[in-house]
Every structure is written in C-alpha cells, then in structure tokens.
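S.K.: what shape does this take:
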Amino acid sequence: MITQYSIGIILHGSDYALDIFSQDEIEALEVFDKRGKPYLRDFTDSTERPANPEEIVRQLYLYRLINTYQYSTQRIAVEKAVWFGSAIAKKRADIVVFDKDDPDTAYIIVEVKKPKRSDGIEQLKSYCNAEGAPIAVWTNGQQEVIMHREEPNIYREVPQLPRADQTLAQVIDEHVTIDELTKRNKLVTQKLTLKSLILDLENLVLANAGVDAFEEVFKLIYAKLYDEWAAENWRRDHIVEFRATGETHSDLYKKINGLFHKAQEQWPGVFLRGENIDLTSAHLAICVSFLQDIKLFNSNLQVIDEAFEYLVTQVAKGAKGQYFTPRPVIDMAVKMMNPKQEEYVIDTAAGSCGFTLHTIFHVWGGELTAQRPEQWKITYANNSVYGLDFDPRSVKIAKAMNLIAGDGKTNVYRVNSLDPRTWDEEAQRGLRPRLRHFKDTAENQRNEESYRFLDFDLVLTNPPFAGDIKDTRVLSQYELAKKWLGVDIENLTSPAERERYLADPFRNAFTDSGYWDKKQSRDILFLERNLQFLRPGGRIAIVLPQGRFNNITDDTFRWWIGQHARILAVVGLDVNTFKPHTNTKTSVLFLQKWNNDPQSGPLCPYANDYPIFFAVSQYPGKDNSGEYIFLRDENGDALLDLYGHQIVDHDLYDIRRMLHQQLNNVLERYKEDSEKCDQYKIRFERLSGYLPRRETIAEQFIKFAMGQKLSFWKEK
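M.R.: Presented below is the predicted three-dimensional model:
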C-alpha cells in the first residue's frame, strides 16, 4: 500500500466518511499507485478503479455485502444501467444485488453517488421504483439508510440488511431491548440528528400526508419517550415496543397509538383526552421505521429540543422575533447564575423551556435518564421551576419536557407574561404561592388581584424582540413605557433637589414626566416585567438586542436598569449565534436586584460605582449558515462526549468541566462494573487531548463573582 494514498487523506474535505465501517473492513481495501494516481481493485471482479472518495465508500460496502452478508459476486453488479420505461437511462445504479431465484430482477440497490442524505434517498427511490427492487440502501460512509419498498413510493426503514441466507421478514421480526437500542442508536453511531430524520419524513411522508407535521411528530416522540421509559422502568424483559416488527399496518397503528395513549396517562395535560395519532396506518409505518433505531432519552433532551426548534420555527416563531436559545448559551447563563436547590426559577418567555430544563439538570448534577429520578429531584422539578409563554405550540413542548423531567407534574402556563390581568384561573392558582406579600394590607390585596409582583429568586429568559406594544392598558403598567425627561441641573431651583442630584447624578439623571408613550418595544417591557417577578436580591439573565447597550436612544432604558438592579455582566454573543433564523446581534445581560434588607432576600446593597464583568464570545459554536461547529479528531470525525453527544466548539463555558461531571456520573452509575469504568476513563483522557485550551466566559465570570463576594458565588 502506498502511504501517501491513505484513505483518510483521499476522503479529507469530501462529503464521505468511514464511520459505519469497521477497522477490519477498512484494512481490507488496498490502495495502490498507477501512473502517479491512487487506484484500487473492485471486490467483485478485480477491475482497477480510481480511488476517489465515492469509490472508496462503494468498495467498502461491496466488501461488506460479500463478507458480512455473504452475497456471492455472481449476484452483484456495479454501475448497472437502470431502465426507466422503454429506454435505458443514462444514469446507473452504484450497486445492484440480484434476486437469488431470478438473476434478472433487482433485489437490493445501493446508492453512494449522491453523498447528501436527501439527494441520495431521492435518487435511490427513483432507481428502486424503476427496477422494482424491494430493498434500498443509501450511504456516504458516515450514515446509512436501509429501506424496504413495500409498494411504489411507500418506503419504511429496516434495522439491517438480510444476509444471503435470510428473508427480509426475519430481519424485520425481531425483539430489541432498551440496552440494544442504546447500542444501535443512530444519533450516536451515525452522528445523525432528530432534525435530519424529520426532514427525511417530510420528504417521504409528511409533506403529502394531509396532517399537521408538528402535531404528528410530537405525538410520535411522546409515544417513543414513554416506550423507552416503560422499557427502562417496569417491563421485566426491557423490550421496546416502538418498532415495526413485520405486523400489518393496522396492527402496527394499534400498537403505536396505544403507546401514545399510555404516554398521555403517564404524563397528562399535554394532549386532549382521547386524542389519537392522525397519520394513516401506512404513513405511520414509514415514520416508525425511521424513528425506531434512535434513542430519545439522553442527558439533556437536546436531540428532541433541536427537532422541535425546527418544527416550531417553520410554523410561527420567527415572525414574532422569538427563537429558541442555543443550548451552549443556556448552559453558560445557568452556570453563571448558579441556581440552587432551595431557589425558585422562572422563564417568562419559555419557548421549549430550555432555560428551566437546564436549570433542573444543573441542580440535579448534570443529566436526565429514562430511569425515575430520586425523590428530591422530583420535588425540585415539581415545585421550584416555572415557565410562561403565549405560543400554544411552545407551551405544549415545554409542558411535555417538564412533565417528563419532573416525572408527571409541571408548572408551565400559557399566558401573556406582560399582562397579568389576562391570566386565567389555572395560571393564577399555579403562581399564587409565589406572590409577593406586602406589610400594607391594601397593597397586598392589590397585588393578589393584579399578580404584578412575585417572589422568584432567578429569571432566565430570551424574550421576543419583534414588534412594539401599543395597548395602553398594558403600557400603563410599566415605568419604562413612560416619557422620561433629562434633568437640567442649571434649572434646578430647589437646594434640596440640587443636593440630591449632586450626591448621585446618575441615579437622578431623569425625571418622570407623568405621561406614557404611545408604544414601547416588547423586549424593554420584558426587562421591567422580569424585575417585577424577582424578590429583592433576586437575579436575571436575559438575552437582548445589542443595540440596547449602545444606542443613544436607549440611554433612559440603561439608566432605569441601574436604578433597580446591579449590572453584574454583559456577554456579547457572535452574530452567528441565532442563525439560521436571524442574524440579529445579541448580548446576555446579567443583573441582581438591589436589596439592603437581609430579611427580604440576598443582600445586594445599592452602590453608584462598582465593577462590571464584560466579555465577548470569540467562538460561537456556529458557522455563517447557522450550522453547529463540532470538535473533531485528527481524521475529521466529530468527537462525542461521554453521553454520546457531539461536542460543540465554543468558548461559553469550560467543556473539560462538563466532561469531568459526566465522568463522575457514569463512574457512580457503573461503580460495580470496573471494566466499564476503566473504558470511560480512557475515553475521557482521549477526549481531553482534543479539547482546545482557551479562557471560557462562565469560568472567568465565576472568578469575578467570587472576588466581588456576590451573594450567589461566595467562596465556600
């Protein structure tokens, strides 16, 4: 073998990879020099072929067909012409395996020429429909899709190819345990995303199924989560049932719809009682086949959240200027604000409740599994974490995720956070325990009627930016909707006023005109509303447009903030952070509400001069198109953390600390299995060698906070 023609070098920079192949398969491929160029020999007939990326993947798959699946070379053709109607098409199928009883009939067609998933599947379907092949395979070496063509344009995914001595029915009719599902999980083994699978389903089924894609995918995810939970917690055989195992379409529908009903019983309040899956039985079979070999329960539900972000943003969220917050940004904010078990947390524009879920994981110790949480964890999730949002789909997602994390109870409500007068009885009843209590009886009664002031310890939120509020009934509830006038010290005739101004000119720079503006930006009102949710000494992390921090016209806004809270930190996010949905430049503002009374809450005594932590993210974890940038090894393969997630390359928090926490969790979980513990330790050491060494924002802030002796980050 000529070393300068290593397979890794040839594949570098292409859309092809070697992830699905074993080391033995890769080593079986010989690359040699021919007239100064790399060549290889075809495994079917020893033809010498140029060793380009596509050919390497094709030959490796041929080797697998011959050696693993035991198909004879006499049954295999390469570059076979495909018939479309009465003429031979110019296009040729990459690999065709013929039927054992009819050498002229295609049994399996493999496509490698189109390395992009959606393009490859479409090309493959056209070949199979033209040739009548019942089995279709697409691969680019990183991912693999195996489908059974049941009838024209009806394809369902199957877990593996049948061997030459097996029938397709034998492959389909199998029982899989939750442990086996973990090993097969395509989100890990093929580095897929749930979003990519939903895109496949849109192309194959959902676009023409006459159903609401969001609702039906949501139902399937809900049913599958329940199935994994049940297999982990109470089925003695630990068998997962969310699978197509050769039964009729109608029987499969009954099984999956039954799982959906059981999920509603286990985690009620998200769907209407008696609601059913609305997909036809044939369409459902396709969807199940594509979802059955992925595992949804992982340490933070991120795979589900990413899929819902895609579905919801497609429908509505973008028009309102509200986008799901990338999880690295959420984790940075949570780590900086350091929520504790005894504290109450709320997100007033919750979306899918990413902030609150990751707060739960932070307090729990970093992970969520399908196993039932310990009682103290359930109590915390049930009683201490709240979410509000007005978008019905977001609320549906948030309720589902919090129900699952909290084992059957949630504090997520569909309300307009800015207008508490419109809150329904359910929301009022749920938030009543968190109402602020005042010593003055009349003031206390007004608050019990208005729900204006509450007593949360922490607000974490990314409010919508788009649109102004013009409703005078809403504007009249906010100081930031008023017209504020700058103070001209030369015109101050009262000695007391002049003395007050000179004592603290910043605090007394503006005065209330007594009038309200006709409109105010939504995010500005959210800032004031969030402070109303906080007890004295409580703290906020809020995503805001960058202009709020430097526009001349927002000087009143910045002044007003300084009167009500200490500015702890401002973290500038990269312009790519919220792509592909928007290129709005944003920053995260961190505040702690002033408090001089230790009986009212954590101390944060007013000061007119104090240090502020400023940082700008240099590594946002996303590229210009909004795709995540993942850390990779020397072969260009994405690194997976100890839970099997791809690791985003960013500077928002220390990835090493995250991996340390994961290692501690898995060592505790498998403490009786020393061999498995040693394997995780080796993986940890290997991963550590690839991690960049750079200063990270959350950890630098923690040092700052401890140095300032902030109440929530005091030295232990």
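
S.K.: local confidence estimate at residue 561?
M.R.: With respect to pLDDT, residue 561 scores 94.

S.K.: Three-state assignment for it, please.
M.R.: Per DSSP: H, G, I helix; E, B strand; the rest coil, the local secondary structure of residue 561 is helix.

S.K.: which residues sit in contact with it?
M.R.: By C-beta atoms under 8 Å, 6 or more residues apart in numbering, residue 561 lies in contact with 527, 567, 589, 591. In short, each C-beta sits where N, CA and C put it, glycine included.

S.K.: now do the nearest residue to residue 11 once chain neighbours are set aside, the pLDDT please.
M.R.: Closest residue to residue 11 apart from its sequence neighbours, by C-beta to C-beta, 6 or more residues apart in numbering: residue 53 at 5.0 Å. Predicted confidence (pLDDT) for residue 53: 93.

S.K.: what about the stretch 301-450 of the chain, any weak spots by pLDDT?
M.R.: Where the stretch 301-450 of the chain drops to pLDDT under 70, the residues are 301-303, 305-306, 309, 312-323, 366-370, 406-408.

S.K.: again, but for the stretch 1-150 of the chain
M.R.: By pLDDT under 70, the weakly predicted segments of the stretch 1-150 of the chain are 1-4, 85-90.

S.K.: mind listing the helices for it?
M.R.: According to DSSP state H, counting those that start in this stretch, the stretch 1-150 of the chain carries its helices in the segments 7-11, 23-27, 53-67, 117-131.

S.K.: tell me the most buried of those?
M.R.: Of all those, helix 53-67 has the most neighbours on average by mean count of other C-beta atoms under 10 Å, namely a mean of 22.

S.K.: residues in contact with residue 697?
M.R.: By C-beta under 8 Å, 6+ apart, the contact set of residue 697 is 332, 336, 571, 615, 617, 651, 652, 653.

S.K.: got a PyMOL select line for the buried ones in those residues?
M.R.: Buried subset of these, written as a PyMOL selection, criterion 16 or more other C-beta atoms under 10 Å:
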select buried, resi 332+336+571+615+617+651+652+653
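
S.K.: now the contacts of residue 697 as a markdown table including secondary structure and distance to residue 355?
M.R.: Output for these, formatted as a markdown table (DSSP: H, G, I helix; E, B strand; the rest coil; distance: C-beta to C-beta, whole Å):
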| residue | secondary structure | distance to residue 355 |
| --- | --- | --- |
| 332 | helix | 11 |
| 336 | helix | 12 |
| 571 | strand | 15 |
| 615 | strand | 19 |
| 617 | coil | 18 |
| 651 | coil | 20 |
| 652 | coil | 14 |
| 653 | coil | 15 |
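
S.K.: which of the contacts of residue 697 lies closest to residue 551?
M.R.: Proximity of the contacts of residue 697 to residue 551 was ranked by C-beta to C-beta; the top entry is residue 571 with 18.2 Å.

S.K.: quick check: closest non-adjacent residue to the closest one.
M.R.: Distance criterion C-beta to C-beta, 6+ apart; nearest residue to residue 571, sequence neighbours excluded, is residue 588 at 4.5 Å.

S.K.: residue 171 now?
M.R.: With C-beta to C-beta, 6+ apart as the criterion, residue 171 has its nearest non-adjacent residue at 4.7 Å, and that residue is residue 162.

S.K.: if we can go back for a sec, just checking, the residue nearest to residue 11 touches residue 9?
M.R.: No: using C-beta atoms under 8 Å, residue 53 is not in contact with residue 9, being 10.6 Å away.

S.K.: picking up where we left off before, narrow the contacts of residue 561 to those in strands?
M.R.: Of the positions in those, 567, 589, 591 sit in strands, assigned by DSSP state E.

S.K.: may I ask which of these has the most neighbours?
M.R.: Of all the ones in strands among the contacts of residue 561, the highest neighbour tally under other C-beta atoms under 10 Å goes to residue 591, namely 25 neighbours.

S.K.: just checking, that one touches residue 567?
M.R.: Yes: contact criterion C-beta under 8 Å: residue 591 and residue 567 qualify, at 6.1 Å.

S.K.: go through the helices of the stretch 1-150 of the chain and name the closest to residue 103.
M.R.: Among the helices of the stretch 1-150 of the chain, helix 117-131 comes nearest to residue 103, with 13.4 Å by C-beta to C-beta.

S.K.: flag the shaky bits of the stretch 151-300 of the chain, pLDDT-wise.
M.R.: For the stretch 151-300 of the chain, the stretches flagged by pLDDT under 70 are 151-152, 298-300.

S.K.: for it, which segments count as strands?
M.R.: Secondary structure of the stretch 151-300 of the chain (DSSP state E, counting those that start in this stretch): strands at 154-157.
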